[in-house]
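Return atomic coordinates for the entry below.
(2 chains)
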Amino acid sequence: MHDLNQVASAALDALRQAGADKAQCTARFTETHEFNVDGGEFSLFRTLFDNSLSLTAIRAQKKGSVAINRFDDAAISEAAASCIAIADSGESDPAWDFAPEIANQSFTEGAPEAELDLLFDRTKELMDTIRERHPLILMEQMIVTHKKRRTVYRNSLGAAFETLSGAYEIDLMFSAHEGERSSSFFGSGVRTDRLDRPFIELGSIEEDLASVERQLDTKPLEGKFTGVAVFPPSSLGTFLGSILSNFAADTTILDGTSPWKDSLGKTVADSRITVSAAPLDERIVCGERFTADGFPSENYDIIKDGVLNSFMLSLYVSNKTGLPRAKNSSYSIVMKPGDTPYKDIIAGIERGILVGRFSGGEPGTSGDFSGVAKNSFLIENGKITCALSETMINGNLGELLKNVAAISQETVCDGADVLPYAAFGGVTVSGK
Amino acid sequence: MLQDIITPSRRLLPADAHTELRAQLNRSCRVTLLSGNLTANAKTETSGVSARVYKNGVYGFSSMAECSSDAVAAVLRAADENARFMDRRAGRGKGPLPAIPEGFRPLDADIANPDQKLFADVAREIDSYIAAKYKNLTSRAVIATADSMEKLLVTSDGQGGHTILPRSYIYVFLNAETTSGTPIELFEAFGGHGTFDLNFTDPSSMYAEIDALYEKLMQKREGVYADAGLKTCIMNGMLTGMLAHEAVGHTVEADLVLGGSVAAHCLGKTVASEKVSLVDYAHTAFGEDTPLPIYLDDEGTPATDAEIIRNGTLVGYMNSRETAERFGMQPTGNARAWMFSDEPLIRMRNTAILPGTDKLEDMIASVDDGYYLVNTNNGQADTTGEFMFGVSMGYEIKHGKLGRAILDTTISGVAFEMLKTVDMVSDTVTWASSGFCGKKQPMPVGMGGPELRCKIMIGGR
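Next up is the predicted model:
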């Protein structure tokens, strides 16, 4: 096995010798073990040994990046020369920079060593349990993985990080079938560092399987209404991702098209909404420990009590705009729960929709969204009634956050995010 | 170019199991200019070897990020161990795969990889043109990008080859606001199969199309929301290609058929109007190279066309060698892998609805009240065939004539129902190939088709 510290040091030296004013590199070794199930049957066992080395150079305030997957001296030397050539081809921009000196920080996270026999047993147990409890479910694909990652980051200003991490991931894609009738497909997944519980108990796997079984018989919605849309954690994550990437991330802040560009410190959402990027939250498995720019990752609030507390900016866009950089790369989203039990949220809705999955285009900076509500149910008089087909939902992402009907007490953690159920008013639901 | 460490290693392939051994090199370059700011200038190169071993109905696979004889021996050993593990714990007790004839497809020609500076220079030239000419844009982006897959393959059947698939594109994004302040965007992808230096010899040759894109954006500024409901629409070739790929193509990938797609129950049945035929082309279509020609897949199957719909009847699936045996069909070379560390999956190559005999102007003239849908910016579909496509550009059709532009909207439907409403098919095919298809792994694919007149749900606002 390669010594990643030596690889990283060699890469930094090569970049300096090639003429970099500032340089950074990340060397990583990943060992992956993966079981695949296709069409309900075990199909494949993969073992992967991957290297990656990314180099970034700044010369005369011009930046270049190269990524390779070889660690030998000749490849490193060639990549460093190429990196400088790429930087030279660019344009000078004083905003490019890396993190300043930070004493070497070392982290071990999760379960670095795979227990493969137990992983296979848990996978088989999940398949057997699904057959027993959810006989209508056909597993289109199940991918169960263990990844062990050893990573070393170094930059020429003195920032240094080492991490050793390991986690299991369970990803399921399935639909319900009876004769020639079938539901829409649905995906469910979790990340965990423990194999002490049956997989069906993790995340929302059991709930998702049961929900899809109830989607065999669907009805198209007749007509159109504007009402409350309830988003379970999985689809809430999709919507939150769209909102944050459109309104608070690098691209739209840099080009000035974000409707939130002048809203830092101002109210952008209902006061019940607090959304954090929290890779260090104890419920997050193998969260980020350092950013792509070389800063140690810290938890931060993006929206706190409805007020925009921080954009999700890289160091480059921070320097470019004068706005504060984000304290991590914003991959791990934690939303504060509310005070209403989920069943009471449903009971309080006269007419609405439970949106299991949204199939639509990525909304633009206007925030308008329009798409098909998949794996979704009609809510009438406080009860979830029928599963829906060919039903569209329309609304505006920015308005959603201001139009909160309720947020659940319950949250679901899938190892990557922690989210509640959330109900928003003002969503237009239309059928044939 | 990849050094051939694979062919000499053929003697190491296990004697008692079907085995594939592959070396692969992927390259990509990307330069992004966002409103004049160079926000990305990067190059990636990954290479390595992988082996896949088939034993009694299950596979073992292993890969290593190293192109050496030691790595070849290591991945063959690990793949064989993994296949034995799976056979022991979950074996299906199936026999060997049907053999394919021996052969080896040699490399047509190596490719030159242009200097990254060319990407930056071309992107800057185009960006400067847009910035100087069009002052009322709210933002703009120019992305110059290229990727290539080079593969060396041998199989225990004695089949193999050395292939390269390069492609390169420039994306131009133009953003403006409507008079009421709603942000609008249009984009165009230029380029296709081939390296960047050959595809973009003269950036100024793109200016006329960029001007046309700007004109469409200005029409869209004055656009109106489409009336929601079931409408008579003419979909242009971009949308037809999206339909062929997303809403039909995925449902007839045999692994998804086994996973319960709608096509499982439709073989031999009418799924479209008799004016509709659909083929997944390998390397040649309508007498020309396809957008992304594929000659050999990663299981060693020489690539041939996969006929899917013939005059409205579903006649076939896309297969791997394993699924072809299950369905009693012939494999046509659809098993493709994106990286050296990826196993072959059933993927589309160049999927298209075949042209008809109608003229576009006659089709427009035939619509009393409907829409001409010109551009799409995304598309999603279900294994039930239910689809949703974003429409980023289109026009009203009133009394047989094109009217006002429409603002962003969506169309949706169920493919095998909507295709039965097709009653006119134009005589011209438009291809697209710039994106990636996502299915566990990304994959470059081509998609295309003629204009279709059909009934479809349009989403309005």
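
So what pairs up with A:R28 in the strands?
On the basis of DSSP bridges, A:R28 is bridged to A:S52, A:T151.

Oh, that last question was meant for B:S426, not what I typed.
B:D358.

so it sits right up against B:P355, yeah?
Yes. Using Cβ atoms under 8 Å, B:S426 is in contact with B:P355, at 6.6 Å. Glycine gets a C-beta too; all of them are placed from N, C-alpha and C.

Within the helices and strands, which one has the residue nearest to B:S148 when sequence neighbours are not counted?
Spatial nearest neighbour of B:S148, excluding adjacent residues (Cβ to Cβ, 6 or more residues apart in numbering or on different chains): B:P166 at 3.9 Å. Using DSSP states H and E, B:P166 falls within strand B:159-177.

just B:E150 next, same as before
Using DSSP H and E, B:E150 sits in strand B:139-155.

Now do that strand against strand B:159-177: the angle between them, please.
Relative orientation of strand B:139-155 and strand B:159-177, computed by axes from the mean of the first three to the mean of the last three Cα atoms, to 10 degrees: 170 degrees.

Let me see the mean pLDDT of strand B:139-155.
The pLDDT scores in strand B:139-155 average 97.

try stretch A:180-197
Per-residue scores along stretch A:180-197 average to 95.

now stretch B:164-179
96.

Check stretch A:285-301 too.
97.

chain center to that stretch, what's the gap?
Relative to its chain's centre, stretch A:285-301 lies at 14 Å (Cα atoms, centre = their mean, to the nearest Å).

next one: stretch A:152-162
Put simply, stretch A:152-162 sits 25 Å off its chain's centre (Cα atoms, centre = their mean).

Quick one: end-to-end distance for it.
End-to-end span of stretch A:152-162 (Cα to Cα, to the nearest Å): 5 Å.

Name the residues that touch that stretch?
Stretch A:152-162 has contacts (Cβ atoms under 8 Å, 6 or more residues apart in numbering or on different chains) with A:4-5, A:7-9, A:11-12, A:15-16, A:20, A:22-28, A:98-107, A:150-151, A:289-290, A:294-296.

out of the residues you listed, which are buried?
Among the contacts of stretch A:152-162, those buried by neighbour count (16 or more other Cβ atoms under 10 Å in any protein chain shown) are A:4, A:7-8, A:11-12, A:15, A:20, A:22-28, A:98-99, A:102, A:150-151, A:289-290, A:294-296.

thinking again about what came up before, could I get the CA-only coordinates of the strand holding B:E150 as CSV?
Provided in CSV are the C-alpha atoms of strand B:139-155 (Å, rounded to 0.1, in the frame of the first residue of the first chain):
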residue,chain,number,x,y,z
SER,B,139,-25.6,36.4,-17.0
ARG,B,140,-23.9,34.0,-19.4
ALA,B,141,-21.7,30.9,-19.2
VAL,B,142,-19.5,29.2,-21.7
ILE,B,143,-18.3,25.7,-21.0
ALA,B,144,-15.7,23.9,-23.1
THR,B,145,-15.4,20.3,-22.4
ALA,B,146,-14.2,17.0,-23.8
ASP,B,147,-14.0,13.4,-22.6
SER,B,148,-12.8,10.1,-24.1
MET,B,149,-12.8,6.4,-23.2
GLU,B,150,-10.1,4.2,-24.5
LYS,B,151,-10.5,0.5,-23.8
LEU,B,152,-8.5,-2.7,-24.4
LEU,B,153,-10.5,-5.9,-23.9
VAL,B,154,-10.0,-9.6,-24.1
THR,B,155,-12.5,-12.3,-23.1
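
Next to chain B in this structure, residues from the stretch 51-200 of chain A, please.
Residues of the stretch 51-200 of chain A lying close to chain B by Cβ under 8 Å from any Cβ of the partner chain are A:51-52, A:63-70, A:79, A:82, A:85-91, A:93, A:120, A:124, A:138-141, A:143, A:173, A:175, A:177, A:180, A:182-185.

Filter these down to the ones in helices?
The helices, defined by DSSP state H, take in A:A79, A:S82, A:A85, A:I86, A:A87, A:D88, A:S89, A:F120, A:K124 from these.

Now do the SS call for the spatially most central residue of chain A.
Nearest to the mean C-alpha position of chain A, counting by Cα atoms, centre = their mean, stands A:Y331 at 5.3 Å. For A:Y331, the assignment made with DSSP: H, G, I helix; E, B strand; the rest coil gives coil.

which residue packs closest to it, ignoring adjacent ones?
In this structure, A:Y331 finds its nearest non-sequential neighbour in A:E288, 5.9 Å apart by Cβ to Cβ, 6+ apart.

gap between that neighbour and A:Y300?
Computed as Cβ to Cβ, to the nearest Å, the A:E288 to A:Y300 distance reads 12 Å.

what's the answer for B:M238, then?
For B:M238, the distance to A:Y300 equals 41 Å [Cβ to Cβ].

higher neighbour count, the two?
B:M238 (22 against 18; other Cβ atoms under 10 Å in any protein chain shown).

hey, where'd the strands end up in the stretch 301-432 of chain A?
Using DSSP state E, counting those that start in this stretch, the strands found in the stretch 301-432 of chain A span residues A:307-308, A:333-335, A:351-354, A:357-360, A:368-374, A:377-380, A:383-389, A:392-396, A:404-413, A:418-430.

What average pLDDT does the first one get?
Yep, that's strand A:307-308 we're talking about. pLDDT averaged over strand A:307-308 gives 98.

Please identify the helix or strand for the residue in the stretch 351-461 of chain B that chain A sits nearest to.
Chain A sits closest to B:G390 of the stretch 351-461 of chain B, with a gap of 3.3 Å, by Cβ to the nearest Cβ. B:G390 belongs to strand B:386-398 when assigned by DSSP H and E.

Provide the strand pairings for that strand, with the direction of each partner.
Sheet pairing of strand B:386-398 (DSSP bridges) gives strand B:369-381 (antiparallel), strand B:401-405 (antiparallel), strand B:409-414 (antiparallel).

Now that we're looking at the residue nearest to the centre of chain A, what pLDDT does it have?
Here, the pLDDT recorded for A:Y331 equals 92.

For residue 220, grab phi and psi.
I'll assume chain A. phi -70, psi 140 (degrees, to the nearest 10).

ah, no, chain B please
Per-residue torsions, B:K220: phi -70, psi -30 (degrees, to the nearest 10).

can you pick the most crowded of the ones in helices among the residues of the stretch 51-200 of chain A next to chain B?
In terms of neighbour count, A:A87 stands highest of those at 29 neighbours, by other Cβ under 10 Å.

Please name the residues that touch residue 419.
Reading this off chain A. Residues counted as contacts of A:L419 (Cβ under 8 Å, 6+ apart) are A:P233, A:L236, A:G237, A:L240, A:I333, A:V334, A:M335, A:T411, A:V412.

try chain B instead
By Cβ under 8 Å, 6+ apart, the contact set of B:L419 is B:L243, B:V248, B:V271, B:A272, B:S273, B:V276, B:G312, B:C454.

Check the secondary structure at A:N5 for me.
Applying three-state DSSP to A:N5 yields a three-state assignment of helix.
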